[in-house]
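K.L.:
from the sequence below, what's the structure:
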Amino acid sequence: MAWQPEESGLRQILQLLKESQSPDTATQRAVQEKLEELNKYPDFNNYLIFVLTKLTSEDDPTRSLSGLILKNNVRAHFEKFPVEVTSFIKSECLNSIGDPSPLIRATIGILITTILAKGELRNWPELLPALSQCLDSDDYNVCEGAFGALQKICEDSAEALDNDPTRPLNVLVPKFLQFFKHNSPKIRSHAIACVNQFIISRTQALMVHIDSFIENLFFLANDEDQEVRKNVCRALVMLVEVRMDRLIPHINSIIDYMMVRTQDEDDSVALEACEFWLSIAEQPICKEILSGPHIERLVPILVKGMKYSEIDIILLKGDVEEDDMIPDKESDIKPRFHKSRSHTQKHQEGDEDGEMSDDGYDDDDSLSDWNLRKCSAAALDVLANVFRDDILPILLPILKETLFNSDWEIKESGILVLGAIAEGCMNGMVPHLPELIPYLIGCLADKKALVRSITCWTLSRYAHWVVGQPHDMYLKPLMTELLKRILDSNKRVQEAACSAFATLEEEACTELVPYLSFILETLVFAFNKYQHKNLLILYDAIGTLADSVGHHLNKPEFVNMLMPPLIQKWNILKDEDKDLFPLLECLSSVATALQSGFLPYCEPVYRRCVSLVEQTLNQNFASMSQPDQFDPPDKDFMIVALDLLSGLAEGLEQHIENLVANSNILKLLFQCMQDPMPEVRQSSFALLGDLTKACFQHVKPCIGDFMPILGANLNPEFISVCNNATWAIGEISIKMGSGMQPYVSMVLGPLNEIINRPNTPKTLLENTAITIGRLGLVCPQEVAPMLQQFIRQWCTSLRNIRDNEEKDSAFRGVCHMISVNPNGVVQDFIFFCDAVASWAQPKQDLKEMFYKILHGFKNQVGEENWTKFSDQFPQPLRDRLVMHYGVTGEAGKCWRGNRPRRTSGGHGVGNRAGWGQLDGGPLQSTVTNGSLTP
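P.N.:
Now for the predicted structure:
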């Protein structure tokens, strides 16, 4: 006989469900405690499913709430459910899938997919056949309920469905396709949404029906139901990424359709359609398929989408101009994520990666969801990067019309357009900037706050150009107005101005030094003016200023302005307050910049950081030992503390020695270096490298313990961890000298693999090359035998970094290795020549090492072979070698063409230095702008 509830138990649970809908906090807490107590009774969950599926006398919200409590119990305790309870719940779900109430059907669908997620398909083999059979029911409620459940299953368990050995998708996908033409829009929408889950993964069951799927999508293109249109657009966006080949025959019609849908009266449909342009822009044939009439029609559509809608302005309180006295709600403040410290190299002028750190399309935080305005702006940005200046003849007339429009909403959208195209169309915009930048600086004083805030962002996108012009023309007026906006009476403008000023700081760097007093006065004044949210952004602006001007900040008048408000905030915040994150990040930059100027503040800051690390490690140990009693800690506290300690070590250098001596930081660091969380290890290795430089006498006794851990972390799957471990090994090598010998074999193999690994990020390549060079400097006999395996990549990795101490020690190491193993460099000697020529001003003794190697090889092979070899040099390389090292080939020879010529055959000097190969036989290289790339 089927399970039946007891009347008293049922009444008790119904009373609990009613109470749980009370807004009173105390009542809610009591309900929660009662629910936890009831979970101890095995058949409590039977009551919950009974209320959901059988108790039609109750209202739908109460029944649905019962199902949602059951769902939470399934998620938390499903493994402990008795078998008979599990069976009862499953059968009731399937029996009630066609409940007349849409809310109850949806709740049952959520419950089904939650059970499935806990036990996988194999534990409920009858589910999919039963739901599939329900799709054929003449009862609409049964069909819709089953489809709703299947949609949730496809969303949550797509991979499990695809990998299931019974191949359920071979039956389900064709069945879903049959429902694309169903007379109910809800069913049509479910059917497309189900199939859409399998596009990105290229599920085979869908790929064999891809043409039928696309044909059905076209049939539904102009469906009257917005959910159907939205799902059609979503499908086409994904198909661009995975089956562009199938769309190409219809691409013109699809582009026309997506332009219409991007202007759909329903914003959610327009947003889905607008994503199409972001996907198309990533395709190699984007320019080819959009050129001509398409792009001419598309650009105005995107610009139109960038205008704030009426509902946007209401949500943003666009009519509120002054709100700086209103405290922030905690819900207004987004969670912040700390970015761990990473060691990078500075590059020669013109060799930056040019990555934009922020696309800025979150200028309207109150609309934190992705919306049509942001998507349109992002689409215009990426298309400007594809079409470059070719898009300007379409855009310039639109800009004239919008930028100077009397309607502030249109003017605001024009300023956003100008910012969106900054990266892609910079060259073409330069002739217009002398007129536009002063106009934008004027817009910073516009009476509408939303115009002032977007102007801050757009000006930040042109900061690089501004900094490159005479200061009096643009930089000083821009800085003056931005600093006024930092003290604006509108919080959104304050935020935008702070972010824009941080970008300006990064671009201008030490060019801001003459204006430091003025800048600091404004930023310090903002401390007392800002509400909670913008205070966190102010920390970032101060930290970025410190990074940008460095030691120029270390003047008593600047220190006395800046440090008191920072330390005041530091003293107010409790150890568990997450506002410590941005403050610690800021202090890390300030400590590094102030150097000895930070000494009066360093001891309490140091001790608190060590305490934060220790507390986090202790909490972590407690939670792992007794997980039922202790929650795991937020390790970001430890990460930011480690990073501030790094900043202190880098800034204070040897002055930190006493603090380290009187603390247990190295013992704590040993634990942090082995933490399973990559960000903790990343920051630990950064601190280890900085402590090695600052006070090696305290690190040295631990090297035997630390080196195996460093070696184990030379794994490029975790790029930043690997990068910092590599850098720390290099710093330790310099301090250890020949004492590194026992550890070379532990690290050299992995370093060699990293430097030869395809697609290794530039920063990791550079640090790996420097560390290999430093190992070769202190242990040349151990490293030199592997020279031939890494020398080419080593040279190309370091040719573009600026002259500095790290580069110096690495090149000395390679010179030592070449003297031990000259054969190792022969095959790639042109790359060594190129790397040597990359130095602007090597120290005299290093220059002499280069001279000896270059002339030694030239003399060894003789004039004829050297001439043949040097004929391959690009002219700029040859000129530098002649100018700095007096290495010449045959008189009067000059570089011809744009590729090195390969010369055949030749009679070298045999094996005296392996130099016979220098006739060009094995060398394969390309010349780009007078430099070499392998």
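K.L.:
can we go C-alpha only for contacts and neighbour counts from here?
P.N.:
Noted.
K.L.:
what about E603, neighbour count?
P.N.:
Residues lying near E603 (other Cα atoms under 10 Å) number 14.
K.L.:
tell me which element it is part of?
P.N.:
Per DSSP states H and E, E603 falls inside helix 599-625.
K.L.:
pLDDT on that helix, on average?
P.N.:
Summarised as a single mean, pLDDT over helix 599-625 is 94.
K.L.:
for the spatially closest residue to T53 that is not a sequence neighbour, which residues are in contact?
P.N.:
With sequence-adjacent residues excluded and distances taken as Cα to Cα, 6 or more residues apart in numbering, T53 is closest to S96, at 6.0 Å. By Cα atoms under 8 Å, 6 or more residues apart in numbering, S96 lies in contact with 53, 105, 108.
K.L.:
for the residues you listed, which single residue is the most surrounded?
P.N.:
Counting neighbours by other Cα under 10 Å, the top entry in the contacts of S96 is I108, with 30 neighbours.
K.L.:
hmm, back to that, mind putting the contacts of S96 in a markdown table, distance to L38, secondary structure and pLDDT included?
P.N.:
Below are the contacts of S96 laid out as a markdown table (distance: Cα to Cα, whole Å; DSSP: H, G, I helix; E, B strand; the rest coil; pLDDT from 0 to 100):
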| residue | distance to L38 | secondary structure | pLDDT |
| --- | --- | --- | --- |
| T53 | 20 | helix | 89 |
| R105 | 26 | helix | 93 |
| I108 | 22 | helix | 92 |
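K.L.:
how close does T726 sit to D643?
P.N.:
T726 sits 17 Å away from D643, going by Cα to Cα, to the nearest Å.
K.L.:
and those two? Which one has more around it.
P.N.:
T726 (32 against 27).
K.L.:
part of a strand, is the more buried one?
P.N.:
No - counting by DSSP: H, G, I helix; E, B strand; the rest coil, T726 is not part of a strand but helix.
K.L.:
wait, isn't it in contact with A769?
P.N.:
No - T726 sits out of contact with A769 when judged by Cα atoms under 8 Å, with a separation of 9.4 Å.
K.L.:
where along the stretch 101-250 of the chain do the strands fall?
P.N.:
For the stretch 101-250 of the chain, applying DSSP state E, counting those that start in this stretch gives no strands.
K.L.:
which residues does N222 contact?
P.N.:
Contacts of N222 (Cα under 8 Å, 6+ apart): R229.
K.L.:
low-confidence ranges in the stretch 551-700 of the chain?
P.N.:
Along the stretch 551-700 of the chain, the model assigns pLDDT under 70 to no residue.
K.L.:
surely A728 meets A686?
P.N.:
Yes - proximity of A728 to A686 meets the contact threshold set by Cα under 8 Å, at 6.9 Å.
K.L.:
per-residue pLDDT, E355?
P.N.:
Value for E355, per-residue pLDDT: 37.
K.L.:
and what of G318?
P.N.:
You'll see G318 listed with a pLDDT of 63.
K.L.:
show me the helices in the stretch 51-200 of the chain, by range?
P.N.:
Secondary structure of the stretch 51-200 of the chain (DSSP state H, counting those that start in this stretch): helices at 60-77, 83-95, 102-119, 127-135, 140-163, 169-178, 185-196.
K.L.:
model confidence over the helix or strand containing I415, on average?
P.N.:
For I415, the element it lies in under DSSP H and E is helix 408-420. Helix 408-420 carries an average pLDDT of 95.
K.L.:
tell me the buried residues in that helix?
P.N.:
Across helix 408-420, burial judged by 16 or more other Cα atoms under 10 Å covers 408-420.
K.L.:
nearest residue to D266 in space, please, no chain neighbours.
P.N.:
Q226 (7.0 Å).
K.L.:
before we move on, back to that, nearest to Y308 among the contacts of S96?
P.N.:
Proximity of the contacts of S96 to Y308 (Cα to Cα) peaks at R105, which lies at 37.4 Å.
K.L.:
quick one: that closest one and K118, what's the gap?
P.N.:
20 Å.
K.L.:
ok, residues contacting the helix or strand E806 falls within?
P.N.:
If you go by DSSP H and E, E806 is part of helix 805-820. Residues from elsewhere that reach helix 805-820, judged by Cα under 8 Å, 6+ apart: 769-778, 780-781, 783-784, 787, 798, 801, 824-825, 842, 846, 849-850, 853.
K.L.:
again, but for stretch 415-432
P.N.:
Contacts for stretch 415-432 (Cα under 8 Å, 6+ apart): 303, 306, 377-378, 380-389, 391-392, 399, 403, 454-455, 457-459, 461-462.
K.L.:
any quick PyMOL command for the buried ones out of these?
P.N.:
Selection of buried members from these for PyMOL, criterion 16+ other Cα under 10 Å:
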select buried, resi 303+306+377+378+380+381+382+383+384+385+386+387+388+389+391+392+399+403+454+455+457+458+459+461+462
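K.L.:
mind listing what the closest residue to K762 other than its chain neighbours touches?
P.N.:
Leaving aside its sequence neighbours, K762 sits nearest to S797 (Cα to Cα, 6+ apart; 7.4 Å). Applying Cα under 8 Å, 6+ apart to S797 gives the contacts 762, 765-766, 769.
K.L.:
among the residues you listed, name the buried ones.
P.N.:
Using 16+ other Cα under 10 Å, the buried ones in the contacts of S797 are 765-766, 769.
K.L.:
of those residues, closest to D705?
P.N.:
The nearest one, if we look at the buried ones among the contacts of S797 relative to D705 and count by Cα to Cα, is A769, at 24.2 Å.
K.L.:
so who does that closest one touch?
P.N.:
A769 neighbours (Cα under 8 Å, 6+ apart): 755, 794, 797-798, 810.
K.L.:
so can I have JSON lines of these showing distance to I703?
P.N.:
Formatted as JSON lines, those follow (distance: Cα to Cα, whole Å):
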{"residue": "I755", "distance to I703": "24"}
{"residue": "W794", "distance to I703": "26"}
{"residue": "S797", "distance to I703": "28"}
{"residue": "L798", "distance to I703": "28"}
{"residue": "A810", "distance to I703": "21"}
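K.L.:
got the contacts of S797 as a markdown table, with secondary structure, distance to K491 and pLDDT columns?
P.N.:
Formatted as a markdown table, the contacts of S797 follow (DSSP: H, G, I helix; E, B strand; the rest coil; distance: Cα to Cα, whole Å; pLDDT from 0 to 100):
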| residue | secondary structure | distance to K491 | pLDDT |
| --- | --- | --- | --- |
| K762 | helix | 39 | 91 |
| L765 | helix | 43 | 93 |
| E766 | helix | 42 | 94 |
| A769 | helix | 47 | 96 |
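K.L.:
need these in TSV (columns: distance to V85).
P.N.:
Listed next are the contacts of S797 as TSV, based on distance: Cα to Cα, whole Å:
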residue	distance to V85
K762	57
L765	58
E766	61
A769	62
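K.L.:
and H532, how many residues sit next to it?
P.N.:
So H532, with other Cα under 10 Å, has 16 neighbours.
K.L.:
what of the one 4 residues further on?
P.N.:
Number of residues near L536 (other Cα under 10 Å) recorded here: 20.
K.L.:
so it touches F581, yeah?
P.N.:
No - in this structure L536 lies outside contact range of F581 using Cα under 8 Å: 9.0 Å.
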